[in-house]
Each structure stands twice: as structure tokens, then as C-alpha cells.
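1. no sequence for this one, just the structure:
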Ligand SMILES: Nc1ncnc2c1ncn2[C@@H]1O[C@H](COP(=O)(O)OP(=O)(O)O)[C@@H](O)[C@H]1O
Ligand SMILES: [Mg+2]
């Protein structure tokens, strides 16, 4: 769960919402950060995929993550659902990963424009 929160902080979110559902044993982390494009969604959940680069030498800002391990590991051991909105393109990108397999990966017109930029839901 802290990995998801750190990702939200990395995405420059100003607000992070965390919901723990004890009945369905799930954790949902929503943020209003930079979001995930359809192109990037393709790569997410693959081992070692990270959009972040290490180090601050070339003036890049520091990020909490960079190894690209968190989401791929969560996708191995849980059901991971990622929903991200691209406001300018009016797209909602969704991906579901379970047991390391991609079950769903779609980009469609959003029906719910109130969804925060990115929502990560993990069901054990
Ligand atoms: N809340 C989020 N908002 C935007 N992009 C995200 C978010 N969470 C994850 N990502 C994207 O997924 C990639 C993989 O995440 P992760 O496995 O935690 O690796 P890392 O944080 O080490 O880069 C990140 O590099 C980032 O591009
Ligand atoms: Mg991370």
C-alpha cells in the first residue's frame, strides 16, 4: 500500500484518497496527479518498467520510485486494477492484471468524468 501512495506522491498529486474495504479485502488509492496515457498503460505492470529516472545529477527532480518493481509485484500476487483519465483527450484507460497476466487493457470514452486522474485498486 505504501508503494501505491509513493507512486501518487511521485505523480505530483495534490490530493490522495485511500479506501480500505474490509469486506472485499481491497485497497484503493486515488490521486489527482499526472495520470497515465494509453501508450504508457501498455507498459505498466511489466517488470522493471518505470517512467522515472534515477538520480538528480542532471537537474531532474527526485522521485520515490524508479525501479519499476512495485506494480509488477502487486500484479503477480493480487488482482490489480488501474484506471487513469486523460482529461485533454477524453480517454479513460483501464488495465487489470492478475497472477502476472494482463486480463484487460482498454482505452475508451470516460463515462465518469469525476474519477480522479489515477485509481489503483488491489484486491488480495
Ligand atoms: N498513481 C500514478 N500516477 C501516474 N503514473 C503512475 C502511478 N502509479 C504508477 N505509475 C506509473 O507506473 C510506473 C510503474 O510503477 P512502479 O512499479 O511503482 O515503479 P516505479 O515507481 O519504481 O517507477 C511508474 O513509473 C509510473 O510511470
Ligand atoms: Mg513506485
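-> Happy to help now that I have it. Please read these numbers as outputs of a predicted model, since none were measured by experiment. Ligands and ions are numbered 1, 2, ... in the order given.
2. Bridge partners for the closest residue to residue 24 other than its chain neighbours, pull those for me.
-> The spatially closest residue to residue 24, leaving aside those adjacent along the chain, is residue 123, at 6.3 Å (Cβ to Cβ, 6 or more residues apart in numbering). Glycine gets a C-beta too; all of them are placed from N, C-alpha and C. Going by DSSP bridges, residue 123 is paired in beta bridges with residue 26, residue 79.
3. from now on call the first residue 230
-> I'll keep to 230 as the first residue from here, and by that count the last item is residue 352.
4. what's near enough to touch residue 352?
-> 253-255, 307-308, 310 (Cβ atoms under 8 Å, 6 or more residues apart in numbering).
5. what about this protein, any weak spots by pLDDT?
-> 283-291, 341-344 (pLDDT under 70).
6. And the residue of it closest to ligand 2?
-> residue 294 (2.8 Å; Cβ to the ion).
7. any idea how far residue 263 is from that residue?
-> Distance, residue 294 to residue 263, by Cβ to Cβ, to the nearest Å: 14 Å.
8. With residue 325 instead?
-> Applying Cβ to Cβ to residue 325 and residue 263 gives a distance of 21 Å.
9. can you map out the strands along the protein?
-> 245-250, 255-260, 308-315, 320-327, 330-337, 347-352 (DSSP state E).
10. between these, which gets nearest to residue 276?
-> Nearest to residue 276, of all these, is strand 320-327, at 11.7 Å by Cβ to Cβ.
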